[in-house]
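S.K.: Just the structure for this:
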Amino acid sequence: MSPERTPGHHLRKELPAEVPAPASGDRRSAGERESAEKRTAPGNGAQQREGRSRTVPGPAGEAGQTPEPGPAGQGSPEDGPAQRPQTDGGDEPGAAVTGRQRLVKSLWPPRVSRAQLIVAVLLCGLGFGLAIQVASTSDNSALRGARQEDLVRILDELGDRTQRLQDEKQSLDDQRTELENSSDQAEEARRQTAEKERQLGILAGTVAAQGPGITLTVDDTKGTVEADMLLDTIQELRAAGAEAIQVNDVRIVVNSYVTDLDHGGISVDGRKIGKPYRFKVIGKPEDLEPALNIPGGVVQTLEKEQATVAVERAKTVVVDALRPAKRPDYAQSSSR
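M.R.: Numbers count the residues shown, from 1 in each chain. Predicted structure coming up:
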């Protein structure tokens, strides 16, 4: 006996669990609804803060797929470059400006105002004045660093020069007085003329001379002494009151000159002189010797050039080198 069939049994089939139909107006695909449910589910707050993931459309006829969100603080691989902060100081718009760039922009191009230009000119003038002051101060550095004894000796030397000039002036005044008061003015004039001729002959080097003075010996074993050093020595001796000077066999006169030779050595008035250089000087020894030994003077300068210098006082110094008398070409005596 066949089982009992109810009417319509052949039409009834076992249907699967009914899927709830989408709400009216909600036309999103199943994948989109699933993503929305995941974002609203508990524990997905971190994903919500990171932002919504974009829906990647799949092939035609399939629902879109949403990539799984990564850990907190990380975006999708596609969004990585867009979310990376720009910290370099490039030329891109909106890039941060570094301190060095701000400094360069503030300094170049230079913007100089009138007040700044005036201040710059004043500072340049002040610097120039300070440079001149330092240069003038350095010229007297030898005297600034001198000892008290050396300074006293220099002052004594200056006092002696002043006294010597005053004595010469007094002598000339006495000669004038004698000429004015002498009964035989012609004889007195001849006597004074002869005395003056003798003095001028000593200065011109046409006659020999002797008297107290000093001898100076410069032994230049290294060959470092030059002509200008010997010329400075002659000038210093003249300033100290030397009345007659002789270097080796050459008489020093008013127009003497000292030069360096091309092949080595030194010449005085065109005559080569050998080493050592010997100076014979007639004058007051108390004035001549200190003039050579002052700080930064002749002796120290020659010793810096590794030359050996010896200065000796003498009661009698003979200057016997002579110069031929030369008649001047243009100058003539004039009497009033």
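S.K.: buried stuff in the longest helix that the chain contains?
M.R.: As assigned by DSSP state H, the longest helix anywhere in the chain is helix 148-181. For helix 148-181, a neighbour-count test (16 or more other CB atoms under 10 Å) marks 150, 153-154, 157, 160, 175 as buried. (Glycine included, C-beta is placed from N, CA and C.)
S.K.: Between these, which sits nearest Leu117?
M.R.: Of all the buried residues of helix 148-181, Leu117 sits closest to Ile154, with 48.2 Å by CB to CB.
S.K.: what angle sits between whatever helix or strand comes next after the longest helix of the chain and helix 148-181?
M.R.: As assigned by DSSP states H and E, the chain's next helix or strand after helix 148-181 is helix 185-204. On the basis of axes from the mean of the first three to the mean of the last three CA atoms, to 10 degrees, helix 185-204 is oriented at 150 degrees to helix 148-181.
S.K.: What are the buried residues along helix 185-204?
M.R.: The neighbour-count check on helix 185-204 (16+ other CB under 10 Å) flags 188, 202, 204 as buried.
S.K.: Which neighbouring elements make contact with that helix?
M.R.: helix 148-181 (3 or more CB pairs under 8 Å, 6 or more residues apart in numbering; DSSP states H and E).
S.K.: Near Arg100, how many other residues are there?
M.R.: 9 (other CB atoms under 10 Å).
S.K.: same deal with Leu231?
M.R.: Leu231 has 16 nearby residues by other CB under 10 Å.
S.K.: quick one: it and Asp260 touch, right?
M.R.: No. Leu231 is not in contact with Asp260 according to CB atoms under 8 Å; the separation is 10.6 Å.
S.K.: Would you map the strands across this structure?
M.R.: Assigned by DSSP state E, the chain shows strands spanning 209-219, 244-247, 250-252, 258-260, 266-268, 271-273, 277-282, 308-319.
S.K.: which of the buried residues of helix 185-204 lies closest to Pro324?
M.R.: Checking the buried residues of helix 185-204 one by one against Pro324 (CB to CB), the nearest turns out to be Ala204, at 10.0 Å.
S.K.: What separation is there between that closest one and Gln192?
M.R.: 18 Å (CB to CB, to the nearest Å).
S.K.: show me where pLDDT drops low in the protein?
M.R.: Scanning the chain for pLDDT under 70 picks out the ranges 1-95, 136-145, 183, 334-336.
S.K.: Now Glu305. Its backbone dihedrals?
M.R.: Taking degrees, to the nearest 10, you get phi -90, psi 20 for the backbone angles of Glu305.
S.K.: Surely it is in contact with Thr224?
M.R.: Yes. Using CB under 8 Å, Glu305 is in contact with Thr224, at 4.2 Å.
S.K.: Which one's more surrounded, these two?
M.R.: Between Glu305 and Thr224, Glu305 has the larger neighbour count (other CB under 10 Å), namely 15 against 12.
S.K.: Tell me who's in contact with that one.
M.R.: 220, 222, 224-225, 229 (CB atoms under 8 Å, 6 or more residues apart in numbering).
S.K.: cool, Ala208 as well?
M.R.: Ala208 makes contact with 318-320, 322 under the criterion CB under 8 Å, 6+ apart.
S.K.: go again using 10 Å as the cut-off
M.R.: Applying CB atoms under 10 Å, 6 or more residues apart in numbering, we find Ala208 in contact with 201-202, 244, 246, 251, 318-322.
S.K.: Filter those down to the buried ones.
M.R.: Those of the contacts of Ala208 that meet the buried threshold are 202, 244, 246, 251, 319, 321, by 16+ other CB under 10 Å.
S.K.: ok, so what distance separates Leu151 from Glu303?
M.R.: 21 Å.
S.K.: do the same with Ser182
M.R.: 54 Å.
S.K.: Contacts only, for the residue nearest to Arg313 when sequence neighbours are not counted.
M.R.: Closest residue to Arg313 apart from its sequence neighbours, by CB to CB, 6 or more residues apart in numbering: Pro285 at 4.2 Å. Residues near Pro285 by CB under 10 Å, 6+ apart: 212-214, 311-315, 317.
S.K.: ok, now which ones touch Val317?
M.R.: Val317 makes contacts with 209-215, 244, 246, 279-283, 285, as judged by CB under 10 Å, 6+ apart.
S.K.: Quickly check the contacts of Glu305 for the two that are furthest apart.
M.R.: Once CB to CB is applied, the contacts of Glu305 give Lys222 and Met229 as the farthest pair, at 12.8 Å.
S.K.: quick one, which of those two is more surrounded?
M.R.: Higher neighbour count among Lys222 and Met229: Met229, with 20 against 10, using other CB under 10 Å.
S.K.: The more buried one and Val299, how far apart?
M.R.: Taking CB to CB, one finds Met229 at 11 Å from Val299.
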